[in-house]
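Engineer: the following comprises the amino acid sequence and a computationally predicted model.
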Amino acid sequence: MASIAREFTKGLWDEIPPFRFVLGLCPILAVTKSVDGAVGMGIALTFVLVCSNILISLFRKVIPKDVRIACFIVVIAAFVIVVELMMQAYTYALFEKLGIFIPLIVVNCIVLGRAEAFASKNSVLPSIADGLGMGIGFTMSLTALASLREILGAGTFWGMSVFGPNYKPFTFMVEAPGAFVCLGLMLAIMNLFKK
Amino acid sequence: MARLFKLLFTVMAFSAVAGGLLSVLEAVTKERIETQQLLFLKGPAVQEIMEGCSNDPLKDRLKIKEGKEERQFFVGKFDGKPNVVAFEAYGKGYGGKIGVMVGVDINKDKIVGIAVTTHSETPGLGARAKTEKGFKGQFKGKDINQSFKLKTEGGDVDAISGATVTSKGVCMALEEAKNLYMRLKPEILKNLGRV
């Protein structure tokens, strides 16, 4: 039991994606303009990660080593399409906001990385814990970055005004270069705590 | 040989099961997704064009089958009569398909207004086609039968500065709309009595 708890908590700080591995940066730069988009993306990725981890660890003894990546991708892609269809059907506004970055979860290194590094070598329960922890860690990272960018860049949090109507937004933060600067600052702060 | 067969079989089995399940899910969510698109994409565009009409054009819509494709025409009533139809046509922009909703007065064959529905143009440049009133407004009152070309190509359409490809895409969509309208006008007139 202790080991399962350990698999879950490692994703929350020690190996928190994407900051620790600096993997899967494409969505983190693009969808962190606003907090609601970031949380939506985090939930979508967590769902895909947990589901693909479950299936891959279930079938880990059946999948031949030579074609494992192909099989992983099929499983991951299937769940991504599930997310895409569900989002279109139930939360269309969010789907419009995230756009191309939902289908791009298929090639997110975090998902494939967990499948290859963890789920294909461990049984189902630890794999669920691993997927859930990594997914929640990813959501937290995205939310933190998006909060910073949205509050400074637009003066709002989850669409609500923070500083009142007189605030002049620092729009640089919500543009693409701002994403790189914020990410760099985040990484620097995290490294500071590590030492 | 047996090993090769096993590899092939595994990947095929995974893909077949995934594909099968997804097609079921797609069939289940299809109708809901259509409603959502109507609400979030086509709805605002139609309302923008039909401002001041006395009915609900989203409800009063004609579905006309053309070969395998089904075309939707939203009907707006002005002065108590169904005078305006709006329908979607597509052009190719800088970032992909641009959907343009075109409203046409069926008595005079004149454009009432246009609005962009789906697009993936660059924010701040091509994406202005959706918001810039001056660009969209210039089509109002134009004859639907005319040819739609940019001024630089000898036509009478003012391009958005910095977004020539997008402006061309919108012209392309209007050309398609013209052809569609000419082809289906008899059908529209036949079915208009039912609204």
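Structural biologist: Structure received.
Engineer: from here on, contacts and neighbour counts on C-alpha atoms
Structural biologist: OK.
Engineer: so which residues of chain B form strands?
Structural biologist: Taking DSSP state E as the test, the strands found in chain B are B:61-66, B:69-78, B:81-92, B:97-105, B:110-116.
Engineer: which stretch among these comes nearest chain A?
Structural biologist: strand B:97-105 (13.5 Å; CA to the nearest CA).
Engineer: now do the buried residues in the closest one.
Structural biologist: B:97-105 (16 or more other CA atoms under 10 Å in any protein chain shown).
Engineer: re the thing from before, which one of the strands of chain B lies closest to residue A:50?
Structural biologist: strand B:97-105 (33.7 Å; CA to CA).
Engineer: and the buried residues of strand B:97-105 as TSV, adding distance to residue B:134 and pLDDT?
Structural biologist: TSV is the format used below for these (distance: CA to CA, whole Å; pLDDT from 0 to 100):
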residue	distance to residue B:134	pLDDT
B:97	22	90
B:98	18	93
B:99	18	93
B:100	16	94
B:101	16	94
B:102	16	94
B:103	17	93
B:104	19	93
B:105	21	92
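Engineer: contacts with chain A among the residues you listed, please.
Structural biologist: Applying CA under 8 Å from any CA of the partner chain, the subset of these adjacent to chain A is empty.
Engineer: just flag the most distant two among those residues.
Structural biologist: So, these by CA to CA: farthest apart are B:97 and B:105, at 25.5 Å.
Engineer: give me the pLDDT value at residue 112.
Structural biologist: I'll assume chain A. At residue A:112, the model reports a pLDDT of 93.
Engineer: that's the wrong chain, I meant chain B
Structural biologist: 93.
Engineer: same question for the one 10 residues further on.
Structural biologist: You'll see residue B:122 listed with a pLDDT of 76.
Engineer: repeat that for residue B:194.
Structural biologist: For residue B:194, pLDDT reads 65.
Engineer: those strands in chain A, which residues are they?
Structural biologist: Under DSSP E, chain A gives strands at A:156-157, A:160-161.
Engineer: neighbours of residue A:169, just the number please.
Structural biologist: By other CA atoms under 10 Å in any protein chain shown, the residues close to residue A:169 number 16.
Engineer: got the contact list for it?
Structural biologist: For residue A:169, the contact set (CA atoms under 8 Å, 6 or more residues apart in numbering or on different chains) comprises A:152-155.
Engineer: for chain B, what are the nearby residues on chain A?
Structural biologist: So chain A meets chain B at A:63-64, A:66-67, A:70-71, A:74-75, A:78, A:81-82, A:85-86, A:88-90, A:92-93 (CA under 8 Å from any CA).
Engineer: could you see whether chain A lies near the longest helix anywhere in chain B?
Structural biologist: Identified as the longest helix of chain B according to DSSP state H is helix B:2-37. Yes. For helix B:2-37, a contact with chain A is found by CA under 8 Å from any CA, at B:7, B:10-11, B:14-15, B:18-19, B:22, B:25-26, B:29-30, B:32-33, B:36-37.
Engineer: can you flag the buried ones in those?
Structural biologist: B:7, B:10-11, B:14-15, B:18, B:22, B:29, B:32-33, B:36-37.
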